[in-house]
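> Sequence first, then the predicted structure:
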Amino acid sequence: MGNAATKTNYASSTSMRKKVCIIPIGTIDKEILHYTQKELEDRFNVKIDIGRQLEDPTYAYHKHKKQYHSKKILKRIHKSRLTGYDRILGIADVDLYVLERTFVFGEAEIKKKVAVISLTRLRQEFYDLPEDFTLFRKRIIIEAVHELGHTYGLRHCTNNKCVMFLSNTISDTDHKGADLCSNCRKNHGR
């Protein structure tokens, strides 16, 4: 990932007072939570807290798909009604889907400023490949930045190197990296 000096800071000066909360959905490794917290604080220049864990998302499970409906998880995050936070990012370790797609790495509700990412398909082991913890952590940040970018009003970008490019495959995620392109940085600054 590089050091903090090489990371792009996505926040405008007004966002320094705002806070983001990361909520574990079910059991999430504390090291992953703290790593994500630190990386996102550096990138967005906001205070990020780790909130209390929400229950396993059994309410969102689709037995035929053997996946979890991300919109239902987003609704539960929004209903948690955390006060004092500008945005909320849920982190789950279940395979997510939306009605229009076979799977998603994450999803966001732009107007409600809530998002969720899944760790499941970010692991090399999901693709029957050897574990690569460094790559796994990199992918987490890419997807977290992407979904939080939506909560800041950013849409999908056509630049396949931009973090806001839509990932249809894990190769797309690996190709794009965690930085906004110049056009998205300009749009974010408004």
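Yep, it's here. Residues are numbered from 1 along each chain as shown.

> CA only for contacts and neighbour counts going forward, please
Will do.

> tell me the residue furthest from the middle of this protein?
H64 (25.7 Å; CA atoms, centre = their mean).

> ok, now how distant is that residue from G51?
32 Å (CA to CA, to the nearest Å).

> again, but for C162
29 Å.

> what about those two, which has more around it?
The residue with more neighbours, out of C162 and G51, is C162; 24 against 15, by other CA atoms under 10 Å.

> Determine whether the claim that that one is in a helix is correct.
No: counting by DSSP: H, G, I helix; E, B strand; the rest coil, C162 is not part of a helix but coil.

> Who are the contact partners of it?
C162 is in contact with 176-181, counting by CA atoms under 8 Å, 6 or more residues apart in numbering.

> Please repeat the previous calculation with a cut-off of 10 Å.
By CA atoms under 10 Å, 6 or more residues apart in numbering, the contact list for C162 reads 142, 146, 156, 173, 175-185.

> how about the CA coordinates for the top helix by length along the chain, as CSV?
Longest helix of the chain, by residue count under DSSP state H: helix 133-151. Coordinates of each C-alpha in helix 133-151 appear next as CSV, following Å, rounded to 0.1, in the frame of the first residue of the first chain:
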residue,chain,number,x,y,z
PHE,A,133,-2.9,-11.8,3.3
THR,A,134,-1.2,-8.7,1.8
LEU,A,135,-3.4,-8.9,-1.3
PHE,A,136,-6.4,-9.5,0.8
ARG,A,137,-5.8,-6.4,2.9
LYS,A,138,-5.2,-4.3,-0.3
ARG,A,139,-8.5,-5.5,-1.7
ILE,A,140,-10.4,-4.6,1.5
ILE,A,141,-9.2,-1.0,1.3
ILE,A,142,-10.0,-0.8,-2.4
GLU,A,143,-13.6,-1.9,-1.8
ALA,A,144,-14.0,0.1,1.3
VAL,A,145,-12.8,3.3,-0.4
HIS,A,146,-15.1,2.5,-3.4
GLU,A,147,-18.2,2.1,-1.3
LEU,A,148,-17.4,5.1,1.0
GLY,A,149,-16.8,7.0,-2.2
HIS,A,150,-20.4,6.4,-3.2
THR,A,151,-21.6,7.8,0.2
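
> So which elements touch it?
helix 30-44, strand 87-92, strand 106-109, strand 114-118, helix 170-176, helix 182-188 (3 or more CA pairs under 10 Å, 6 or more residues apart in numbering; DSSP states H and E).

> Give the next helix or strand downstream of the second one.
Proceeding C-terminally, strand 87-92 gives way to strand 96-98 as the next helix or strand, assigned by DSSP states H and E.
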